[in-house]
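Enquirer: need coordinates for the below:
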Amino acid sequence: MIGRLLGHAQLRSTARYTHLDDADVLAVSEAAACRVSAMVDPS
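Expert: So this is what the prediction gives:
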């Protein structure tokens, strides 16, 4: 289903991106949250 939403014709195209490590995803999420927080409350 995700592959279809992304316009992938083959499962291999989607599978290429499913190897992301949870730690990497968490680190990026934390960095994004810090930036948003700084924009909302710049003090």
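
Enquirer: for stretch 12-24, which positions count as buried?
Expert: Residues of stretch 12-24 classed as buried: Thr14 (neighbour count, 16 or more other Cβ atoms under 10 Å). C-betas here are computed from N, CA, C, even on glycine.

Enquirer: which strands or helices does the worst-scoring helix or strand of the chain on mean pLDDT pack on?
Expert: Using mean pLDDT, DSSP states H and E, helix 2-6 stands out as the lowest-scoring helix or strand of the chain, at a mean of 78. For helix 2-6, the packing partners by 3 or more Cβ pairs under 8 Å, 6 or more residues apart in numbering; DSSP states H and E come out as helix 11-15.

Enquirer: helices or strands next to the helix it packs on in the packing?
Expert: By 3+ Cβ pairs under 8 Å, 6+ apart, helix 11-15 packs against helix 2-6.

Enquirer: residues contacting the helix it packs on, please?
Expert: Outside helix 2-6, the residues that touch it by Cβ atoms under 8 Å, 6 or more residues apart in numbering are 10-11, 13-14.

Enquirer: and those as a markdown table, adding pLDDT and distance to Arg35?
Expert: Putting the contacts of helix 2-6 into a markdown table (pLDDT from 0 to 100; distance: Cβ to Cβ, whole Å) gives the following:
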| residue | pLDDT | distance to Arg35 |
| --- | --- | --- |
| Gln10 | 87 | 35 |
| Leu11 | 83 | 34 |
| Ser13 | 81 | 30 |
| Thr14 | 81 | 28 |
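
Enquirer: could you dump those to JSON lines with distance to Met39?
Expert: Converted to JSON lines, those look like this (distance: Cβ to Cβ, whole Å):
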{"residue": "Gln10", "distance to Met39": "39"}
{"residue": "Leu11", "distance to Met39": "38"}
{"residue": "Ser13", "distance to Met39": "34"}
{"residue": "Thr14", "distance to Met39": "32"}
